[in-house]
Structure formats: structure tokens, C-alpha cells
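Undergrad: Build me a structure from this.
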Amino acid sequence: QVYDSEFSYAGHKGDWTGVRRSKPRDVSWMKHALFHETIYMGETSMTEPEVLEVYRGIRKEYKGNMYSPMQFNCNCFTRVFLRRIRVKRKLPPRISRLKGIAQKLEYLIPMEFKVPLHQHAQLTDGKATGTTSVEKESKR
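TA: Residues are numbered from 1 along each chain as shown. Have a look, this model is predicted:
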């Protein structure tokens, strides 16, 4: 959460942004997501208009069909977004541990979890998606 907005990234089959600005803790727009917890990440020195400019820019980079649960996911988005709004604190290791475990057990993970959503049609019927939400809280 930054200036009373939450910024999230989720996957979908379309070739448009997967980044969304919403009310804090509101994941109703995501199909299979549940709000889990708030993690305080620090403060930004940026103004609200500056943060919104970062948001407008990052929306172009994170398309929904590029989402991959193991390689290009909401945690990747969060790390980049925090860095761009000048929050130096890193995500707790427990948030990103799935990727490390997955890399060690790669041979056990179904292919649809390893590739971006736009490639799922080649593997399955294209219905597989994955989303999670981690809230970033920052004071003014």
C-alpha cells in the first residue's frame, strides 16, 4: 500500500497490462486470490504523483499474458516496483521461497507453471492461471 492504493500484478491471457491499482486489501478483481497479510516495507521519499507516474510506466512492462508463476510473477513485480519508488527494503525470504524450491525440484513441476500464460495454449487448453497478492505498505 502506497498513498492509500495497492498495486498488484496478476496473469491473464490478454496482451494488455496485468498491473492494477486498487483499494488496499481488495483482491476481488483477481479470480483465485485471497488477501493474506500486510508486510511493512518501509517508506518512500516520492510524492503521490511521482508514485503514480511509476505505476503508469510499469503497467506497460507487465502484461498479463507474460505472467509465469515461477519466473515472472507478482513477487518479481513487487521487487521492481519497490525499487522504482525508492523503497530499499527487500521482500522477506519466505515470500520468494517458492521460486527457490521450484528450481531445486524443477523436474516435478508441470510445464504450465514454468512458462508465461501466452504459451499455455500450446501446452493445455489455456485455462491455467496463478495469482497471489502481497501488500506493500509505505507511509507518506
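Undergrad: Name the residues of the helix or strand residue 21 falls within that come out as buried.
TA: Here residue 21 sits within strand 19-22, counting by DSSP states H and E. For strand 19-22, a neighbour-count test (16 or more other Cβ atoms under 10 Å) marks 19-20 as buried. Placement of C-beta: from N, CA and C, glycine included.
Undergrad: Offset the numbering so it begins at 283, please.
TA: Sure, I'll start counting at 283 from here, so that last one is strand 301-304.
Undergrad: Would you list the strands that that strand pairs with, along with their directions?
TA: strand 288-291 (antiparallel) (DSSP bridges).
Undergrad: Provide the contact partners of the partner strand at residue level.
TA: With Cβ atoms under 8 Å, 6 or more residues apart in numbering as the test, strand 288-291 has contacts from 300-309, 312, 337, 344, 349, 355-356, 358-360, 363, 415, 417-418.
Undergrad: who touches residue 361 in this structure?
TA: Neighbour list for residue 361: 372-373 [criterion: Cβ under 8 Å, 6+ apart].
Undergrad: now do residue 337
TA: Contacts for residue 337 were tallied using Cβ under 8 Å, 6+ apart; they are 289, 301, 303, 363.
Undergrad: Show me which of these is closest to residue 328.
TA: Nearest to residue 328 among the contacts of residue 337 is residue 363, at 11.6 Å by Cβ to Cβ.
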